[in-house]
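1. Below is the sequence, then the predicted model.
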Amino acid sequence: MGKPTGKKKNPGTETPPASPRTTADMRQTKSSKAFDEDTSIFINMSQELKEEGNRLFQRRDHEGAMLKYEKALKLLPRNHIDVAYLRTNMAACYMQMGLGEYPRAINECNLALEAVPKYSKALLKRARCYEALNRLDLAFRDVSNVLSMEPNNMMGFGDFGEC
């Protein structure tokens, strides 16, 4: 009784114990999925704030619009494309506030271009600011960059005379 029978277990039927790496990988996968879901929620919230900001901008409430855009920015990952759109919208708000705010508008365009370096809308807004501040060399550089990327782009060039 109690003696081993001598039967050998079939090695193919044993389940190996979970290795710490496998468990860690599973945790990482769950955490990544949760991160993605959270990020998606924040992006959607940001989108709603951007739309509210756009409505305020259309009503000429530029300060209110900027507050919505700033809140929207805080919800986005740094490298998200909407960062460039929001920064450019903020630049437009500063431009509507008058010539004294153009340096801030230029700064917002610079931040937009950090997120998306070839964003023509940000380049054109910055060019308009430079032109208004009589920095024609910098305005010309931005317009030239847009035309080199998009030779058929004639949007926004009406204010620059013959280009």
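-> Cool, got the structure. Residues are numbered from 1 along each chain as shown.
2. tell me, how many neighbours does residue 36 end up with?
-> Using other CB atoms under 10 Å, residue 36 has 10 neighbouring residues. C-betas here are computed from N, CA, C, even on glycine.
3. Spit out the contact partners of it.
-> Applying CB atoms under 8 Å, 6 or more residues apart in numbering to residue 36 gives no contacts.
4. Next, it: secondary structure please.
-> The three-state assignment at residue 36 reads helix, by DSSP: H, G, I helix; E, B strand; the rest coil.
5. And it, how close does it get to residue 42?
-> 11 Å (CB to CB, to the nearest Å).
6. same check, this time on residue 80
-> Going from residue 80 to residue 42 by CB to CB gives 10 Å.
7. what ranges do the helices span in the protein?
-> Along the chain, counting by DSSP state H, helices occupy 20-58, 62-74, 81-96, 102-115, 120-132, 136-149.
8. Turn those helices into a markdown table, columns for mean pLDDT.
-> Output for the helices of the chain, formatted as a markdown table (pLDDT from 0 to 100):
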| stretch | mean pLDDT |
| --- | --- |
| helix 20-58 | 71 |
| helix 62-74 | 95 |
| helix 81-96 | 96 |
| helix 102-115 | 97 |
| helix 120-132 | 97 |
| helix 136-149 | 95 |
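9. Distance check, the closest residue to residue 143 other than its chain neighbours against residue 115.
-> Nearest residue to residue 143 in three dimensions, chain neighbours excluded: residue 127, at 5.0 Å (CB to CB, 6 or more residues apart in numbering). According to CB to CB, residue 127 and residue 115 sit 18 Å apart.
10. list the contacts for residue 64?
-> 53, 56.
11. same thing with residue 114?
-> By CB under 8 Å, 6+ apart, residue 114 has no neighbours at all.
12. Distance-wise, check it relative to residue 152.
-> 26 Å.
13. Can you give me the neighbour number for the residue nearest to residue 143?
-> Counted with other CB under 10 Å, the neighbours of residue 127 add up to 27.
14. That one contacts residue 147, doesn't it?
-> No. Assessed by CB atoms under 8 Å, residue 127 is found out of contact with residue 147, at 10.8 Å.
15. Now do the same contact list for the residue nearest to residue 136 when sequence neighbours are not counted.
-> Of all residues not flanking residue 136 in the chain, residue 130 sits nearest, at 7.2 Å (CB to CB, 6+ apart). Shown in contact with residue 130 (CB under 8 Å, 6+ apart): 106, 136, 138, 139, 142.
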